[in-house]
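In: Below is the sequence, then the predicted model.
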Amino acid sequence: MNKLKTWNDGSYMPVWQSDLAFIQDALSVPLVKLCEALLGKTSGIIIGCEVTKPSGATSITEGWVLMDGEIIFCPPQTISGIGIGLKKLDSYDTDGAKVFKVDDGTDVRQTYYTPYAQLVTGKSPEGGKYLIFEEDGLTLEEALVGAVSSSSSGYEIKEYSNYSQYSISPSTTIHYTKIGKCVHVLLLSGTNGSQEEDEPMTMGMGVGSGVMAIDNEIFTFPAGYKPVRDAYFTYQENNTGNVHLGKVAAADGKIYIGNNRNMRAVGFTYLTA
């Protein structure tokens with residue numbers, strides 16, 4: 001971003017009005033370009049400016065708008081008739097009255113320029129900067145929310161089956177997806193061939209079975225899917241009905257369970273880094 005270069009070495013420099021204009025442009029131009037890029041057009045509502053049309057009138061709430069390369073404040077207002085848009089009007093804050101030295105003496109000038117947007121029912125012949133309301137137009141705020149939502153909702157369910165790298169050749173099936181920074185595991189099941197996977201299950205907590213160590217790896221998530229902390233889930237042994245804990249390790253993104261791979265897990269979600 002452009003900036004006025006200065007030196008902190010005890011030196012002096014003149015400051016002209018053009019220097020102040022350079023500083024203002026250095027700040028305003030990038031903001032305008034950013035708004036144009038996000039809106040996809042050179043004029044539009046940045047934030048606020050909710051329009052309602054009570055009987056025989058048009059009202060708008062406070063907000064900010066972009067009008068052909070200029071960011072302008074819109075005060076809350078109501079007019080008679082059906083408003084079609086906003087027009088830029090010039091305005092000055094009298095607190096900014098300054099005495100300027102000119103060749104033939106002095107001149108009092110207004111320096112606090114405060115343009116604003118006014119509701120209008122039509123475009124006047126003399127022209128000017130206008131923002132015409134769009135029935136389906138999005139504000140910059142809505143466009144940003146929509147972009148985040150669409151990128152988040154455009155998920156793809158990944159599926160891996162018959163994952164085997166072990167001597168007993170277990171079969172593991174997992175369906176999962178990532179939305180934002182959340183990983184959702186929709187299905188996690190496994191069989192070591194000793195019974196059918198869809199055999200009816202009975203719930204139980206494995207009375208008398210003791211504590212099962214969570215140290216058998218059955219799947220490794222790809223890069224970007226590791227949990228920010230160790231994530232735990234429950235799974236049930238298909239052949240006994242016993243319920244145990246499984247783990248997704250933050251260190252390596254691997255799923256670990258106990259010894260029995262003939263299982264089905266409850267769907268679960270965890271947060272990635």
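Out: Arrived safely, thanks for sending.
In: where along the stretch 51-200 of the chain do the strands fall?
Out: Counting by DSSP state E, counting those that start in this stretch, one finds strands in the stretch 51-200 of the chain at the ranges 51-52, 57-60, 63-67, 71-74, 77-80, 85-89, 92-102, 105-113, 116-120, 130-132, 158-160, 171-179, 182-191.
In: Columns mean pLDDT and distance to Ala143 on top of the ones you listed, output as CSV?
Out: (Glycine included, C-beta is placed from N, CA and C.) Below are the strands of the stretch 51-200 of the chain laid out as CSV (pLDDT from 0 to 100; distance: least, C-beta to C-beta, whole Å):
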stretch, mean pLDDT, distance to Ala143
strand 51-52, 92, 17
strand 57-60, 94, 19
strand 63-67, 93, 12
strand 71-74, 95, 16
strand 77-80, 94, 24
strand 85-89, 93, 18
strand 92-102, 92, 32
strand 105-113, 93, 28
strand 116-120, 94, 19
strand 130-132, 90, 15
strand 158-160, 87, 29
strand 171-179, 89, 20
strand 182-191, 91, 23
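In: Just put these in JSON lines and tack on mean neighbour count and distance to Leu144.
Out: Written out in JSON lines, the entries for the strands of the stretch 51-200 of the chain read as follows (neighbours: other C-beta atoms under 10 Å; distance: least, C-beta to C-beta, whole Å):
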{"stretch": "strand 51-52", "mean neighbour count": "12", "distance to Leu144": "20"}
{"stretch": "strand 57-60", "mean neighbour count": "18", "distance to Leu144": "21"}
{"stretch": "strand 63-67", "mean neighbour count": "21", "distance to Leu144": "14"}
{"stretch": "strand 71-74", "mean neighbour count": "18", "distance to Leu144": "16"}
{"stretch": "strand 77-80", "mean neighbour count": "13", "distance to Leu144": "26"}
{"stretch": "strand 85-89", "mean neighbour count": "20", "distance to Leu144": "21"}
{"stretch": "strand 92-102", "mean neighbour count": "10", "distance to Leu144": "31"}
{"stretch": "strand 105-113", "mean neighbour count": "11", "distance to Leu144": "29"}
{"stretch": "strand 116-120", "mean neighbour count": "20", "distance to Leu144": "21"}
{"stretch": "strand 130-132", "mean neighbour count": "18", "distance to Leu144": "19"}
{"stretch": "strand 158-160", "mean neighbour count": "13", "distance to Leu144": "28"}
{"stretch": "strand 171-179", "mean neighbour count": "17", "distance to Leu144": "18"}
{"stretch": "strand 182-191", "mean neighbour count": "18", "distance to Leu144": "20"}
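In: quick one: the longest helix seen in the chain to strand 105-113, angle?
Out: Among the elements of the chain assigned as helix by DSSP state H, the one spanning the most residues is helix 17-39. Angular relation of helix 17-39 and strand 105-113 on a 0 to 180 degree scale: 20 degrees, by axes from the mean of the first three to the mean of the last three C-alpha atoms, to 10 degrees.
In: Other residues contacting the following helix or strand past helix 17-39?
Out: Using DSSP states H and E, the helix or strand that follows helix 17-39 towards the C-terminus is strand 43-48. Taking contacts as C-beta atoms under 8 Å, 6 or more residues apart in numbering, the residues outside strand 43-48 that touch it are 35, 39, 61-68, 71, 74, 130-131, 137-141.
In: Now with 10 Å, please.
Out: Identification of contacts with strand 43-48 by C-beta atoms under 10 Å, 6 or more residues apart in numbering yields 31, 35-36, 38-39, 51, 60-74, 76, 85-86, 117, 129-134, 137-144.
In: average pLDDT for stretch 12-29?
Out: In this model, stretch 12-29 has a mean pLDDT of 92.
In: For the longest helix of the chain, list every residue counted as buried.
Out: Neighbour-count burial for helix 17-39 flags 32, 35-36, 38-39 (criterion: 16 or more other C-beta atoms under 10 Å).
In: Closest one of those to Glu217?
Out: Distance to Glu217 across the buried residues of helix 17-39 (C-beta to C-beta) is lowest for Leu38, with 44.6 Å.
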